[in-house]
Every structure is written in structure tokens, then in C-alpha cells.
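> Compute the structure for the input listed below.
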Amino acid sequence: MSDTQALRDSFALVGKSGDEVPRYFYSYLFLIAPQVRQMFPVDMGMQRDRLVGALGRIVGDVDDPERLVPYVQQLGRDHRRFQVVAQHYDAVGQALLATLGYFLGEAWTPELRRGWTEAYGLVARTMFQAAEADSAVNPAWWNAEVVRHEPRGFDVAALTLQLDRPMAYAAGQSVMVETPMLPSTWRSFTPANAPRADGTVELHVRAVDGGLVSPAMVYRLRQGDVLRLGAPVGDRLSLRRSQGRDLVMVAGGTGVAPLRALVEEIAWHGPPRRVDLFFGARDTHALYDMPALRQLAQMHSWLRVTPLVGADAGTFENRSLAGPVLRAAAWQGRSVYVCGSPTMVSQTVHELAAGGIPHELLHYEDAR
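Residues are numbered from 1 along each chain as shown. As a prediction, the model looks like this:
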């Protein structure tokens, strides 16, 4: 590949223009390929952030194919749900080069243009090939009928979905979800169950203040509505990461969903190991999944569930839950899984590491 440092330097220079960069990119793209506008949500704010994040990751990892190639391949598979075809890649490439040229001005040399053209061509080919390979084994999306919509308090709902075809996934993996009320607006959720023989999937959704998708799912979805689910992705919360160790699980709010799925996977497929699950919530009413967790604990002696409320949990949306976890035991040699709001996760992980938990035993999802 061409001068990778030149790619990084030019991207950093363009980045100084902030939000104007993705605005220009999408305006140019929709001008030369108006047919793609329907693939995107009405509100483009989050989409612009994703564009910058993806480009930053690609440029940052351009010298590390072991990290870059799997990421780009996953991008290609993910874009199947938008029904992307070859000519769309061409239009995106034109828009990208035009955007770089506009913001770099005199710094947009022929050599730099060739370098970016070569780099984008490689990324586009990798994405397209991964999408083609995936199309041989998976649909672009799964249709999922809402067979049960159960309110769990004023802002949380548990949805049971019946998939139209089998989906192979591991507990801890997430799926992108599109609602019929907000076409082309996708959000990530993690099933609260290990794979079931009947093909149903359970999602736990909290209505986020100011959000679009989650309030629609909590307050407007009804039995019989049909969602679309993207292919399962991710392995940061998979049991494979634990290498068979005993576990400590720390959940805030609906972050308990993927951890419950891990408990089910252990219960159904083993091998059994000791599991201590700490569930933090703002009050007892927000411990919405405790009945299911207590039932699992009654059935399996290796599982212990500890609710954390009020002073024990702090303000669980924004604060660390590390304190009560570290006070409960030393936890030597255990793998620790943390799931919840981004702030809760980052602060909890930081304090667990400071409290002596080796970083390699901490498992969580982050922005990268």
C-alpha cells in the first residue's frame, strides 16, 4: 500500500474541519447517487459520527492487517442489510475523494489522491467480497415478529421475538435492530437468552431519554409487529474469552441481558463453573429481571446473584459498581464481565483494574 503515514496525516488535517466533513461527504454522495438516500435514516447525526469513526479506525489500523481486515470484512457483511450493490461502492469512493480534495485544498496532491484511491479500492473490494461470501449462508436480515411485549417498569420492556429462520449466534453477541416505525434507523441490542430450539430471541430495551429507536420499542411496539434483525456480531462478551475460568459478572440496568444469556449458555451447555452476578439498579423497581435470575440461581447451585440498589449501586447509569464487587471477595483468577451504560462500564473497569483485577481478565465492550 502507498505511504500510510501520508494517509494518516491528511485524514488528521481534514478532521480539523469537524462536523463539516461528514456533512459535505453525504451531501455530495446524495447529489451524485440520490437513490442511496433511502438507505439512511432521516436523522443523519449518528450516521455522520459512524462515518468518521469507521474512517478513523481504517486509517489507524492501515498498517495492521490482522486488525484491519476482519473489521472491514464485518463492515461489508453489516452493509448487506442496506442492500448495498457494487455501484454504491463506486459512488462512495467518488464522494470520499471529493470530500478529501475539498478540505485539503492545495495539500491534495496527485500522489495523495493516488494513495487514497488505492486504499479505498482495497477496502471496497474487501467489503464487497465479504458481503458476497456471507450472502451464500445468511440472509441480509431476519424478520422477527413480536410475539410478546412485556413492560418491566415505566421505561423498560422485554420483547420476545419469533425469527422467520434460524440464526446461529453465541451468547453475548449483539444484533442490529430496525423497527417498522423508523425505517433505515438501526440500533444495537444484545439478546438476553442463549440460542433456543424454538428460534425465539428476547431483547431487553430501556427507553433512552431523547432517543428514537428505544422509546419506540418500549412504548409503541405491539404484538404482531415485525422487526428486522441484522447478523450477530462481536465476541468481547463471549464465554470463549473466559477460557473456562470461574466468573464474576457486573451489570447495570439492561446490561444484565447479555450476562443472563451467558448464564443460560453455561446452564445448557456447560461446563459448570462458579458465577457471581452483581446487578445494579437505581431502585428495587429497576431490578426488572430479578425473577428470572432468582429462578436460575435456584436451579443451579454454582450461580449467586447479588442485587445492588441505592447506596450500594450509586447512580448506576453513571458511576462505577466496582466498590461493592471488590468488597465482596478478592476474586483471584476469575474472569470478570462488565456490561451497562458506556460511562458505568468505563468507570467500573477502571476501578476494578485499580483494585487488582488483571486487565486481561476484564471483558467488556468499548467504543472501539
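> Partner strands of the longest strand seen in the chain and their direction?
Criterion DSSP state E: the longest strand present in the chain is strand 142-151. According to DSSP bridges, strand 142-151 forms sheet pairs with strand 156-163 (antiparallel), strand 226-229 (antiparallel).
> Tell me how many other residues surround residue 363.
22 (other CB atoms under 10 Å). Every residue, glycine included, has its C-beta placed from N, CA and C.
> right, and it touches residue 237 too?
Yes: using CB atoms under 8 Å, residue 363 is in contact with residue 237, at 6.2 Å.
> Quick check: neighbours shared by these two?
residue 337 (CB atoms under 8 Å, 6 or more residues apart in numbering).
> thinking again about what came up before, pull the CA coordinates from the longest strand of the chain and hand them back as CSV.
In CSV, the C-alpha atoms belonging to strand 142-151 read as follows (Å, rounded to 0.1, in the frame of the first residue of the first chain):
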residue,chain,number,x,y,z
TRP,A,142,-34.0,-11.7,9.7
ASN,A,143,-37.7,-10.8,10.1
ALA,A,144,-38.6,-11.1,13.7
GLU,A,145,-42.3,-11.0,14.8
VAL,A,146,-43.1,-9.6,18.3
VAL,A,147,-44.9,-12.4,20.0
ARG,A,148,-44.7,-10.8,23.5
HIS,A,149,-44.2,-7.3,24.6
GLU,A,150,-43.9,-7.2,28.4
PRO,A,151,-43.5,-3.8,30.2
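> all strands of the stretch 151-300 of the chain, in order?
156-163, 175-178, 186-189, 200-206, 226-229, 247-252, 275-281 (DSSP state E, counting those that start in this stretch).
> deepest of these, which one?
Ranked by mean neighbour count, the strands of the stretch 151-300 of the chain are led by strand 247-252 with a mean of 27 (mean count of other CB atoms under 10 Å).
> chain center to that strand, what's the gap?
On the basis of CA atoms, centre = their mean, to the nearest Å, strand 247-252 sits 18 Å off its chain's mean C-alpha point.
> who does that strand pair up with?
According to DSSP bridges, strand 247-252 forms sheet pairs with strand 275-281 (parallel), strand 335-339 (parallel).
> Show me the domain layout of this structure.
Per automatic domain parsing, the structural domains of the chain span 4-135, 142-229, 239-363.
> would you list those domains in TSV and tack on mean pLDDT?
Converted to TSV, these look like this (pLDDT from 0 to 100):
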stretch	mean pLDDT
domain 4-135	89
domain 142-229	95
domain 239-363	92
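> quick one: residue 339 from residue 365, how far?
Using CB to CB, to the nearest Å, residue 339 is found at 7 Å from residue 365.
> thinking residue 352 is in contact with residue 325, fair?
Yes: at 7.0 Å, residue 352 counts as touching residue 325 under the criterion of CB under 8 Å.
> Specify the stretch among the strands paired with strand 247-252 that is closest to residue 173.
strand 335-339 (12.6 Å; CB to CB).
> Contacts for the closest one, please.
190, 237, 241-243, 245-252, 255-259, 262, 345, 348-349, 352, 357, 361-365.
> again, only this time at 7 Å
Contact partners of strand 335-339, identified using CB atoms under 7 Å, 6 or more residues apart in numbering, comprise 237, 241-242, 245, 247-251, 255, 258-259, 262, 345, 348-349, 352, 357, 361-364.
> Report the distance from that strand to the chain centre.
The chain centroid and the centroid of strand 335-339 are separated by 16 Å, computed with CA atoms, centre = their mean.
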